[in-house]
Every structure is written in C-alpha cells, then in structure tokens.
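Novice: Whatever this is, show me its structure:
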Amino acid sequence: MIRPNQLVFILGLLLLASCAAPPSLSFNGMSIHPDVKTISVAPFATDAPTGPPTLGPDFTERLRNYYRQNTRLALIPDNGDMQVEGAIASYEVTPVAALASQQGRDASGNPQTLQQIAGQQRLTIVVQVQFTHGIEPDKDFKQDFSFYADFDGNQSLQAVESRLIDDIFKQLILEIFNKTVADW
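Specialist: Model prediction:
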C-alpha cells in the first residue's frame, strides 16, 4: 500500500519529468544522416501582397534559430549539406463565423443596418519551402506549409497581429523542422 507522502513524492517526480522538455522539443525519431554537418537557411522572401514588411526576415531568423538550438548542425550562409529556402506566399485575413449585423434607426425612426461585423476572423499564413538534402536527395521536397489563428471579429488585426504571427510562426517552424529532420 502506498502511503500519502510516497504518492506525493511520485507525483512530484512525474511532474518534474514532464517539465524537462516541452512536447514540441521531443525529437523521438529525429533522423539526421551522420555525414550531414551543416545547414543553410536562405532568406525567405515576402511574396504576399499584404502583411508586415518584416515577415520574411522575421521568419528566416526564427527558423535559423530553431535549427541552431535543436540540432547539432552548423548553420552556414549557403551550400549547407541541407538547404532550406522559400517565401511567405500568402498572408490573408478572412471571416470564419457568420456575419452579425448591428441594427439601429435612422433620423426618421426607420430600421437601418449600421454595420456588419464578423463574429470571428482568421489570419492564415502560407509558407512555400524548398528543401534540398545534399547527402540523401530522395528527401528533397518542395511543399507549402499553412497554419492559421482565429481572433475575435470585434478586435482589430493590429491589436492582435503580433501575437497571432508568433503563434502561427511557431507551428509552421515546427512542421518544417519535423519534415526536414524528423521524417514526420
């Protein structure tokens, strides 16, 4: 029979073990060929006509940092054993919930639709990626990665844009990383 203080100790150990590494950094199945020593991440262009002008450079730097922090690979400017390049292809805000109308009355007391408001909006970012594996060419790919984040239609995009981009970039980078070095 387990005593209460033993149970607390065991639960504490489990909690500590679960905090050791966030789930997104668990690399079970990561497969980097032993001959691969370097990676290059070319600057991502911003081909999307809308969105902040720094999207491409910000994404590039965050992707580089992710490889730097989570692999043994040396990051070099170009011609790495593995090469990642691409562009921000789309930055789009769309309504995702039914439109609601605010009703009012004009000066004569007649009903009038004052404004239509989307109940919820969605920011979607699409990144085109071309990956070249210098050692194992069968792992080369060209693929679009897309992710989105929703926000309240009563909020302006400018009020939440930085947080939404951060959330979307984290997911896109994780998907690209997993596709390039984890074979997921």
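Novice: pLDDT of the longest helix along the chain, averaged?
Specialist: For the chain, the helix with the greatest residue count under DSSP state H is helix 157-181. Regarding helix 157-181, the rounded mean pLDDT is 96.
Novice: Likewise for stretch 67-74?
Specialist: Across stretch 67-74, pLDDT averages out at 95.
Novice: just use 51 as the starting number from now, easier for me
Specialist: Fine by me, first position is 51 from now on; the one you just mentioned is stretch 117-124.
Novice: Now it: buried residues?
Specialist: For stretch 117-124, a neighbour-count test (16 or more other Cβ atoms under 10 Å) marks 117, 120, 121, 123 as buried. Placement of C-beta: from N, CA and C, glycine included.
Novice: ditto for stretch 84-95
Specialist: Buried residues in stretch 84-95, counted by 16+ other Cβ under 10 Å: 86, 89, 90, 91, 94, 95.
Novice: follow-up on the earlier one: packing partners for the longest helix of the chain?
Specialist: Here helix 207-231 touches helix 105-120, strand 132-145, strand 170-183, strand 191-202, going by 3 or more Cβ pairs under 8 Å, 6 or more residues apart in numbering; DSSP states H and E.
Novice: For these, give me a markdown table that also has distance to residue 80.
Specialist: Listed next are the helices and strands packed on helix 207-231 as a markdown table, based on distance: least, Cβ to Cβ, whole Å:
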| stretch | distance to residue 80 |
| --- | --- |
| helix 105-120 | 9 |
| strand 132-145 | 13 |
| strand 170-183 | 14 |
| strand 191-202 | 17 |
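Novice: From residue 226, how far out is the closest residue to residue 227 other than its chain neighbours?
Specialist: The shortest distance from residue 227 to any non-neighbouring residue, by Cβ to Cβ, 6 or more residues apart in numbering, is to residue 116 (5.8 Å). Per Cβ to Cβ, to the nearest Å, residue 116 is found 9 Å from residue 226.
Novice: How about residue 158?
Specialist: For residue 158 relative to residue 226 (Cβ to Cβ), the value is 59 Å.
Novice: now do residue 178
Specialist: 11 Å.
Novice: before we move on, what about residue 104?
Specialist: Counting by Cβ to Cβ - residue 104 and residue 226 are separated by 19 Å.
Novice: what about the two, which has more around it?
Specialist: Using other Cβ atoms under 10 Å as the criterion, residue 104 and residue 226 rank with residue 226 on top: 22 against 11.
Novice: Noted, bye for now.
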